[in-house]
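Asks: Pasting the sequence and the predicted coordinates here, then a few questions.
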Amino acid sequence: MKRKAFRLVVILATISITGIVAIQIFWIRKAFDLGEKQFTHNVNIALLNSVSTLCELNGNAISPDPIEQLSTNYFIVNLNNRISPDILESVLKSEFVKREIASDFEYGIFDCANEVMVYGNYVSLENNDRKASQVKFPVLAKDAYYFGVLFPNKSEDIVGQMWIWIFSSSILVIVVVFFGYTLFVILRQKQLSEIQADFINNMTHEFRTPISTISLSSEVLKSADILKTPDRLHNYANIINLEATRLQTQVDRVLQIASLDDGDVQLSKEKTDIHSLMVTASENLRLAISKKNGKIIFEELASECEIFVDRLHFTNIIYNLLDNALKYSHDAPLIVLRTKNTDNGIQVTIEDNGQGMTKEQLNLIFMKFYRVPEGNLHNVKGFGLGLYYVRLIVEAHNGSIQVKSEPEKGTTFIITLPIQ
């Protein structure tokens, strides 16, 4: 699938999932509001019936609009009448059961004169079989009381009745998570395919040049006249030898990474002066750096500089990072090698003034075969294995590596290793 078509499919699928989630949230909210309205309606009817029963027992008339809702779960009943707590509780429980209101409630009886609560109780409808004789109700002597009813668990009970919506929402969440994971896997595989294709292209390019050189040189050596010019014979033989060595080096590098992937990292650690090792690693690049009018600066700030490392592998690490700094510097390269001690070890920093990288590239540079894209140019040689190798060896030494970079401002690699 082409990149544009794939991107369009991803965008449309994401919009579809987002739309479904938004619609689900909308209907859940509507269902909750509907449940809340139904609850309020049932409570009003139950309280109105309770008022009717109490007034009938006292032989009084019902006052107009006696029910006042102060909040979503608190109701005041302006009865202004004699109230017996045991009868009130019994009537409320009976009416709530009739209206299928299963939520626990609290009620309070207030004196109309001073609005002070004279009695209150918490009622759990699950204990509806409790006998009235088990509770000692006070005797209220006045004739002017009103009462209030509070439902502390109203929202939880409404949500509990929306089990079908909760179930469907859970299924939707699972679908969304599965879709996100599938999309991640597809993108990951697509990225790996692109990196693999790039590796094959790089390998083809890297191998084509020495193979062509060897082929041309061998054709020259087939000529009978070449024996008459020993110098030319020696020169072309030397070219074949150099290009064959170059091919062998490339093949060995790929095979070495393959062995590291299998976990076959054989380290031969020995006590090493990190400063002398850095100087050794940089010696092989001094000529190339000087040709680009560049310079290496050493800042040996670590007072405790002896660590246990594999000299060969760690020298390769420093060389690879210096080589990258050189290859990706368009102008005169300025490379700073810095060491300093940390709480638990030593920190090695390689800083350059090269082309830098974007945040997206920083997330990929330690992946196998990944190379910072250079457009259609092939100015930078390699298979994209250098930084992958660096990460593997640093981790094999129980260390860590970080990278900071900004486009056109340079890159800084920070390696932290334990001293012991």
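Replies: Done, it's in. Residues are numbered from 1 along each chain as shown.

Asks: what secondary structure does residue 64 sit in?
Replies: Using DSSP: H, G, I helix; E, B strand; the rest coil, the secondary structure recorded for residue 64 is coil.

Asks: State the number of residues packed around it.
Replies: 6 (other Cβ atoms under 10 Å). Just so you know, the C-beta spots here come from the backbone N, C-alpha and C atoms, and that holds for glycine as well.

Asks: And the strands in the stretch 251-400 of the chain?
Replies: Taking DSSP state E, counting those that start in this stretch as the test, the strands found in the stretch 251-400 of the chain are 269-273, 295-300, 306-310, 334-341, 345-351, 400-406.

Asks: mean confidence for the last one?
Replies: It stands for strand 400-406. The predicted model assigns strand 400-406 a mean pLDDT of 91.

Asks: next helix or strand past that strand?
Replies: Next along the chain after strand 400-406, taking DSSP states H and E as the criterion, comes strand 410-418.

Asks: Dump the strands of the stretch 251-400 of the chain to CSV, plus mean neighbour count and distance to residue 327.
Replies: Formatted as CSV, the strands of the stretch 251-400 of the chain follow (neighbours: other Cβ atoms under 10 Å; distance: least, Cβ to Cβ, whole Å):
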stretch, mean neighbour count, distance to residue 327
strand 269-273, 12, 26
strand 295-300, 14, 15
strand 306-310, 19, 25
strand 334-341, 18, 12
strand 345-351, 21, 13
strand 400-406, 16, 15
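
Asks: Was I right to think residue 326 contacts residue 334?
Replies: No - Residue 326 lies out of contact with residue 334 (Cβ atoms under 8 Å); the separation is 10.9 Å.

Asks: How much space separates residue 212 from residue 286?
Replies: Separation of residue 212 from residue 286 (Cβ to Cβ, to the nearest Å): 30 Å.

Asks: just residue 149 next, same as before
Replies: 89 Å.

Asks: Out of those two, name the residue with the larger neighbour count.
Replies: The neighbour comparison of residue 149 against residue 286 (other Cβ under 10 Å) goes to residue 149, with 22 against 13.

Asks: so that one sits in a helix?
Replies: No - counting by three-state DSSP, residue 149 is not found in a helix; it is strand.

Asks: I'd say it and residue 50 touch.
Replies: No - contact criterion Cβ under 8 Å: residue 149 and residue 50 do not qualify, at 9.0 Å.

Asks: what sits in contact with each of the two?
Replies: Common neighbours of residue 149 and residue 50, using Cβ atoms under 8 Å, 6 or more residues apart in numbering, are 77, 92.

Asks: my guess is residue 85 meets residue 145, correct?
Replies: No - with contact defined as Cβ under 8 Å, residue 85 does not reach residue 145; the gap is 9.7 Å.

Asks: Please enumerate the shared neighbours of these two.
Replies: With Cβ under 8 Å, 6+ apart, residue 85 and residue 145 have common neighbours residue 109.

Asks: so residue 218 touches residue 239, yeah?
Replies: No - Residue 218 lies out of contact with residue 239 (Cβ under 8 Å); the separation is 9.9 Å.

Asks: So which of those two has more stuff around it?
Replies: residue 239 (18 against 13).

Asks: Confirm that one sits in a helix?
Replies: Yes - counting by three-state DSSP, residue 239 is found in a helix.

Asks: Contacts only, for it.
Replies: 213-214, 217.

Asks: again, 10 Å this time
Replies: 210, 213-214, 216-218, 220-221 (Cβ atoms under 10 Å, 6 or more residues apart in numbering).

Asks: separation between it and residue 216?
Replies: Residue 239 is 9 Å from residue 216, by Cβ to Cβ.

Asks: Show me where this protein has its helices.
Replies: 3-58, 85-98, 154-160, 163-222, 230-261, 274-283, 286-291, 311-327, 359-362, 386-396 (DSSP state H).

Asks: what's the pLDDT at the residue nearest to residue 191 when sequence neighbours are not counted?
Replies: Residue nearest to residue 191 in three dimensions, not counting chain neighbours: residue 364, with 7.8 Å by Cβ to Cβ, 6 or more residues apart in numbering. As predicted, residue 364 sits at a pLDDT of 82.

Asks: And for residue 364, the neighbour number?
Replies: Neighbours of residue 364 using other Cβ under 10 Å come to 16.

Asks: quick one: it from residue 192, how far?
Replies: 11 Å.

Asks: who touches both of these two?
Replies: residue 370.

Asks: what's the spacing between stretch 46-58 and its chain's center?
Replies: The chain centre lies 60 Å from the centre of stretch 46-58; the measure is Cα atoms, centre = their mean, to the nearest Å.

Asks: Stretch 73-87 spans what distance, first to last residue?
Replies: 22 Å (Cα to Cα, to the nearest Å).

Asks: cool, stretch 294-310 as well?
Replies: Note: stretch 294-310 ends 29 Å apart using Cα to Cα.

Asks: cool, and stretch 399-417?
Replies: The first residue of stretch 399-417 is 4 Å away from its last residue (Cα to Cα).

Asks: for that stretch, the distance to its chain's centre please.
Replies: The chain centre lies 21 Å from the centre of stretch 399-417; the measure is Cα atoms, centre = their mean.

Asks: okay, stretch 51-61 in CSV with CA atoms only?
Replies: This file holds the C-alpha atoms of stretch 51-61, laid out as CSV (Å, rounded to 0.1, in the frame of the first residue of the first chain):
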residue,chain,number,x,y,z
VAL,A,51,-47.6,13.4,52.8
SER,A,52,-51.1,12.2,51.8
THR,A,53,-50.9,9.3,54.2
LEU,A,54,-49.6,11.4,57.1
CYS,A,55,-52.2,14.1,56.6
GLU,A,56,-54.9,11.5,56.5
LEU,A,57,-53.7,10.0,59.7
ASN,A,58,-53.7,13.4,61.4
GLY,A,59,-57.0,14.5,59.9
ASN,A,60,-55.4,17.5,58.2
ALA,A,61,-55.5,18.8,54.6
